[in-house]
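# 3D model of this:
(chains A and B)
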2 protein chains.
Amino acid sequence: MPTPCPTIAVFDSGFGGLTVLRALLHRIPGAHYIYLGDTARLPYGEKSQMTIARYAVEAARFLASRGADHLVIACNTASALAMKEIVAAVPIPVLGVIEPVVQMTHYKYPLAETLILATTATVRSHAYRMSCEARGLLPIEKACPLLVPLIEEGWTDHHVTREVLRIYLKEALAVCSPSVVILGCTHYPLIAPLVRDTLRELGCNAEVVDSADATAFVAATAFAALADATTSTRPPTFECYATDSIEKFQRLGSNFLGQPLPEVHLIDLGG
Amino acid sequence: MPTPCPTIAVFDSGFGGLTVLRALLHRIPGAHYIYLGDTARLPYGEKSQMTIARYAVEAARFLASRGADHLVIACNTASALAMKEIVAAVPIPVLGVIEPVVQMTHYKYPLAETLILATTATVRSHAYRMSCEARGLLPIEKACPLLVPLIEEGWTDHHVTREVLRIYLKEALAVCSPSVVILGCTHYPLIAPLVRDTLRELGCNAEVVDSADATAFVAATAFAALADATTSTRPPTFECYATDSIEKFQRLGSNFLGQPLPEVHLIDLGG
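Numbering: from 1, shown residues only, chains lettered A, B, ... in the order given. Predicted structure coming up:
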């Protein structure tokens, strides 16, 4: 009897989480995916904990109601500020992006001085700091509020983005000498080469890691029921939802996913 | 018998509209003001018409329920995309920011070539273009999506903001030679000096105008019932509401208002 195909739901405030979906498609090809971007209410990164938790819980409930067996919160801000509320709201296993990337960073570089670049809300939550400290990593958090708008403008290889990065990284490197830099926002993988270049230019040889592959790796390991799907040769299937801006989603989303997007359906979470 | 004090409600997606409130306090000092910033769902500038209209109508209904006699939509994006819906939703006179600034620009500079800097959604609506063309002004619209995040970062006099402005203005001046530049977003008055400098640097001597004073002037004229309040010596009173980020509102808001903010109350518009 063939194993039933598991359904993995992936949630983000926008389309940045498609970088995580991309890694999941690679690590767990034999699953059915439901992606939801809460584009009507993005960005989450500058909002309060209470509002972020309310939005994330509504999204999680929608995805559970669509038949998800597993839920990946592919949004650093929601992972930092709303995990407890999401876990309490839905009856399925939930995985955020922060624990996996810290866990895998610690596995590879125990005791490393670690610089975390993230949104204001993620930094303010100190979720990365607490997770790193619990494992013996030495964390320094740096809020980079302009990077998301610059990436959404499409300026992923632009001298202005380079200059903004230089300013943020200079400020961070004035107080630490990291061996690892975590891209603590799912938008940032699109400027990973720029981050690497700018670090070198500033005399820092740190390794740059992002949450996408670490999360996919931990998902494939942690969701035991997915074991068959990791070795399946059946191609993944997926459906895509957004709460606004279907056109922009369709246009920018394929850069994040690394392949054309399926049709994006508009839904209303009541906000 | 003393004239009862009129209540003027001012709505924006965030605190940019405080620049309009500031001009209203100056032009119509004898009124009671209610300000609402829909900070949980900002920025409106990159969202769809349908979503913007829904959010703006919820805000307008809240303000009408608080006893507003007049409503000023101090948000270019909502003025561009949701005026019809707002007017239909509340039983009080409503004034947006686009008609006043175009009207006063035309009064001062009839037939001028006019460059409008605005958010993506405002530009996409072509509300400025239609309003200018109806009066014989020659409009050119330019979307500047990075300016709001840069201003919210506090970089109002920063070389990166200057460079981003240079890029946007260079692109615009390649296709027009304006005599007037309208700042079509209530955030932009905070970088008006930078816009002026950059225009000069690029060889353009256009006058820079914003919607704040034009809107206050037209409000004082159009809302006939406010006549007494324009000459009142009674100091204005005001109350302030936001849907999120009270702390940020309080911190940045006074820059926009030009004076300390009163206590900001958190409300829930259900989004």
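
# lowest-pLDDT helix or strand in chain A?
Every helix and strand of chain A was ranked by mean pLDDT, DSSP states H and E. The lowest is helix A:227-231, at a mean of 73.

# Let's see that one as CSV, backbone CA atoms only.
Extracted in CSV, the C-alpha atoms of helix A:227-231 (Å, rounded to 0.1, in the frame of the first residue of the first chain):
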residue,chain,number,x,y,z
ALA,A,227,10.7,9.8,6.4
ASP,A,228,9.2,8.2,3.3
ALA,A,229,8.7,11.6,1.7
THR,A,230,12.4,12.4,2.0
THR,A,231,13.3,9.6,-0.4
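
# After that helix, which helix or strand is next?
As assigned by DSSP states H and E, the chain's next helix or strand after helix A:227-231 is strand A:237-242.

# for that following strand, the distance to its chain's centre please.
On the basis of Cα atoms, centre = their mean, to the nearest Å, strand A:237-242 sits 17 Å off its chain's mean C-alpha point.

# Can you list the strands that that strand pairs with?
Sheet pairing for strand A:237-242, assigned by DSSP bridges, gives strand A:32-37 (parallel), strand A:264-266 (parallel).

# one step back: which residues sit against the least confident helix or strand of chain A?
For helix A:227-231, the external contacting residues (Cβ atoms under 8 Å, 6 or more residues apart in numbering or on different chains) are A:Thr3, A:Cys5, A:Pro6, A:Arg27, A:Ile28, A:Pro29, A:Gly30, A:Ala31, A:Ala220. C-beta here means a position set from N, CA and C on the backbone, and glycine is covered the same way.

# switch the cut-off to 7 Å
With Cβ atoms under 7 Å, 6 or more residues apart in numbering or on different chains as the test, helix A:227-231 has contacts from A:Thr3, A:Pro6, A:Arg27, A:Ile28, A:Gly30, A:Ala31, A:Ala220.

# List just the nearest of those to chain B.
Distance to chain B, by Cβ to the nearest Cβ, is smallest for A:Ala31 among the contacts of helix A:227-231, at 30.7 Å.

# give me every residue that touches the closest one.
A:Cys5, A:Pro6, A:Thr7, A:Ile8, A:Leu226, A:Ala229, A:Pro236.

# For the stretch 51-200 of chain A, just list every one of the strands.
In the stretch 51-200 of chain A, the segments counted as strands under DSSP state E, counting those that start in this stretch are A:70-73, A:94-96, A:113-118, A:138-143, A:180-183.

# Next one: whichever residue of the stretch 101-250 of chain A sits closest to chain B, what pLDDT does it get?
Nearest to chain B, among the residues of the stretch 101-250 of chain A, is A:Pro149, at 3.9 Å (Cβ to the nearest Cβ). Looking at A:Pro149, its pLDDT is 92.

# again, but for A:Val10
97.

# surely it meets A:His32?
No: contact criterion Cβ atoms under 7 Å: A:Val10 and A:His32 do not qualify, at 11.4 Å.

# about what we covered before: mind putting the strands of the stretch 51-200 of chain A in CSV, mean pLDDT, mean neighbour count and distance to B:Ala60 included?
Putting those into CSV (pLDDT from 0 to 100; neighbours: other Cβ atoms under 10 Å in any protein chain shown; distance: least, Cβ to Cβ, whole Å) gives the following:
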stretch, mean pLDDT, mean neighbour count, distance to B:Ala60
strand A:70-73, 96, 26, 34
strand A:94-96, 96, 22, 37
strand A:113-118, 97, 26, 36
strand A:138-143, 97, 20, 34
strand A:180-183, 97, 26, 40
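
# Any chance of these in CSV with distance to B:Cys132 as columns?
Shown next, in CSV, are the strands of the stretch 51-200 of chain A (distance: least, Cβ to Cβ, whole Å):
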stretch, distance to B:Cys132
strand A:70-73, 46
strand A:94-96, 49
strand A:113-118, 42
strand A:138-143, 40
strand A:180-183, 43
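
# so which of those gets nearest B:Arg54?
Closest approach to B:Arg54 among the strands of the stretch 51-200 of chain A (Cβ to Cβ): strand A:70-73, 26.0 Å.

# ok, and for stretch A:120-140, which residues are buried?
By 16 or more other Cβ atoms under 10 Å in any protein chain shown, the buried positions in stretch A:120-140 come out as A:120-125, A:127-129, A:131-132, A:135, A:137-140.

# no wait, stretch A:231-242
A:Ser232, A:Pro236, A:Phe238, A:Glu239, A:Cys240, A:Tyr241, A:Ala242.

# Report the distance from the least confident helix or strand of chain A to the chain centre.
On Cα atoms, centre = their mean, the centre of helix A:227-231 falls 22 Å from the chain's centre.

# What mean pLDDT does the longest helix seen in chain A get?
Ranked by residue count under DSSP state H, the longest helix found in chain A is helix A:49-65. What helix A:49-65 shows for mean pLDDT is 95.

# Which residue ranges of the stretch 101-250 of chain A form helices?
For the stretch 101-250 of chain A, the helices defined by DSSP state H, counting those that start in this stretch occupy A:120-125, A:127-135, A:147-152, A:159-173, A:192-201, A:211-222, A:227-231, A:246-257.

# who in the stretch 151-271 of chain A is up against chain B?
Proximity of the stretch 151-271 of chain A to chain B (Cβ under 7 Å from any Cβ of the partner chain) is limited to residues A:Glu153, A:Val160, A:Glu163, A:Val164, A:Asp244, A:Ser245, A:Gly271.

# OK, contacts around the first one?
The contact partners of A:Glu153, by Cβ under 7 Å, 6+ apart, come to B:Pro145, B:Leu146.

# Go again with 10 Å.
Listed by Cβ atoms under 10 Å, 6 or more residues apart in numbering or on different chains, the contact set of A:Glu153 reads A:Val160, A:Thr161, B:Thr120, B:Ala143, B:Cys144, B:Pro145, B:Leu146, B:Pro149, B:Val164.

# Do I have it right that the first one meets A:Leu146?
Yes: between A:Val160 and A:Leu146 there is a contact at 9.3 Å, judged by Cβ atoms under 10 Å.

# before we move on, the earlier item: quick one, which of the strands paired with strand A:237-242 is packed in tightest?
Neighbour counts (mean count of other Cβ atoms under 10 Å in any protein chain shown) averaged over each of those peak at strand A:32-37, with a mean of 24.

# where does that strand sit relative to the chain's centre, distance-wise?
What separates the centre of strand A:32-37 from the centre of its chain is 14 Å, taken as Cα atoms, centre = their mean.
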